[in-house]
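*Asks:* Sequence first, predicted coordinates after that:
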Amino acid sequence: MLLVVLLLVLLAAGVLVAAVVGGDAELAWLSVLASAVAVGLLVVDRVRSRRRVAQETGEPPFADVGEEPAEERSNAAEAARPDAEVLVIDERPRYHVRTCEWIGSRKTVTLTLREARELGFTPCALCAPNATIAAEVRRS
């Protein structure tokens, strides 16, 4: 697909040069048309690849991030391991554990629990990271 797009872009560039040299406005429009077809092919390719990935992962191709989970109601001191790793999603206010269903296949950043709290992130009510980390500490 990318090879076809590259050929269309080269064709558009060649036609544009011919239009400028020859002073022919119709050729310039042909260049615009070739460029538009190339953009259309790129969009189609992008949509197909997102759908293919969605079918492989089981996640909807254009899934809305949805509503942010509520904040976990817990005592922050309950999580006894401030060096425990949690996950955050850029531009989202909650921190999560790795098993959180809400994260799905979204890109995450790993922080320590202490860093996440210092940066103002709050615990997710769905995966309850404070309770999960506290339970891990009690088990060990």
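*Replies:* Now that the structure is in, tell me what you want to look at.
*Asks:* Phi first, then psi, for residue 108.
*Replies:* phi -120, psi 160 (degrees, to the nearest 10).
*Asks:* Now do the helices in the chain.
*Replies:* Ranges of helices in the chain, per DSSP state H, are 2-22, 25-57, 113-118, 129-139.
*Asks:* buried ones in stretch 115-131?
*Replies:* Within stretch 115-131, the residues that count as buried by 16 or more other Cβ atoms under 10 Å are 115-117, 121-131. To be clear about C-beta, it is placed using only N, CA and C from the backbone, and glycine gets the same treatment.
*Asks:* of these, closest to residue 35?
*Replies:* residue 121 (43.9 Å; Cβ to Cβ).
*Asks:* dump the residue contacts of that closest one.
*Replies:* Listed by Cβ atoms under 8 Å, 6 or more residues apart in numbering, the contact set of residue 121 reads 86, 88, 93, 94, 95, 111.
*Asks:* cool, residue 84 as well?
*Replies:* Contact analysis of residue 84 by Cβ under 8 Å, 6+ apart lists 112, 113, 133, 136.
*Asks:* try it again with 10 Å
*Replies:* Neighbour list for residue 84: 97, 112, 113, 114, 116, 129, 130, 132, 133, 134, 136, 137 [criterion: Cβ atoms under 10 Å, 6 or more residues apart in numbering].
*Asks:* PyMOL command to pick out the buried ones of those residues?
*Replies:* Those of the contacts of residue 84 that count as buried under 16+ other Cβ under 10 Å are selected in PyMOL with:
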select buried, resi 97+113+116+129+130+132+133+134
